[in-house]
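> Show me how the following folds:
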Amino acid sequence: MDTGGIALAGACAGVLGAAVGAAGAIFSAIISGRNQSRAQHSHWRRQVRRDAYKDLLRVANAVRRELAPRSSALRQDARLPGTLDTSQLMAELWDVSITVQLEGPARAAVVARELAYALGDWNGAVLMQHYAGEFQQHHPELEALPSDLMALKEEVEQLLTNFTLVARDALDEGDEVRPGR
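Numbering: from 1, shown residues only. This is a model prediction of the structure:
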């Protein structure tokens, strides 16, 4: 092979090497971009879930703070002065519970639903006992439903703890970036 052929072969090898290098760089950039996009999406999903969990805990605790002293007073056959209007808090509770149920995961959604129902039961029982006289006056055919307010309170406390643990586990699982997802 003469010098021109060797120079041509060297040039071809250089161009081929540059093309392979460029293709590798492009492929690497595509893979890096996808991984970064997945990581950003995962972070965004975790933040949405964290906010949903925080909102549910905030509202559930607000309902609990409203019902606990009234439950204690009613247990001692007393009523706290004033009216009891938890309708706005309960509406907010259902809204944030639905958000958690949509955002998941399934085990967090189940505990969120159980917590919302337990708070609804406790709220209803407190309302029934708080307004028992008025209720029976307007509906003498119905008897006031006896409820163990402390058992309902304890159920809510347990569900709050369960939800906190499930939410924490769900957020911790979200910290792991899984390849291929």
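> any idea which helix or strand of this protein has the worst average confidence?
Here the helix or strand of the chain ranked lowest by mean pLDDT, DSSP states H and E is helix 132-138, holding a mean of 63.
> tell me the mean pLDDT for the helix or strand just after that helix?
Using DSSP states H and E, the next helix or strand after helix 132-138 towards the C-terminus is helix 149-174. The predicted model assigns helix 149-174 a mean pLDDT of 91.
> Tell me how many other residues surround Ala116.
25 (other C-beta atoms under 10 Å). All C-beta spots, glycine's among them, are computed from the backbone N, C-alpha and C.
> Kindly apply the preceding question to Ala11 instead.
Other residues close to Ala11 by other C-beta under 10 Å number 10.
> now do Glu157
Glu157 has 13 nearby residues by other C-beta under 10 Å.
> again with Arg46
16.
> That one and Leu160, how far apart?
According to C-beta to C-beta, to the nearest Å, Arg46 stands 22 Å off from Leu160.
> what does Asp95 give?
Applying C-beta to C-beta to Asp95 and Leu160 gives a distance of 18 Å.
> Next: Asp172.
19 Å.
> same deal with Ile31?
43 Å.
> Give me the distance from the helix or strand containing Gln47 to the chain's centre.
Using DSSP H and E, Gln47 maps to helix 3-75. Centre-to-centre, helix 3-75 and its host chain are 20 Å apart (C-alpha atoms, centre = their mean, to the nearest Å).
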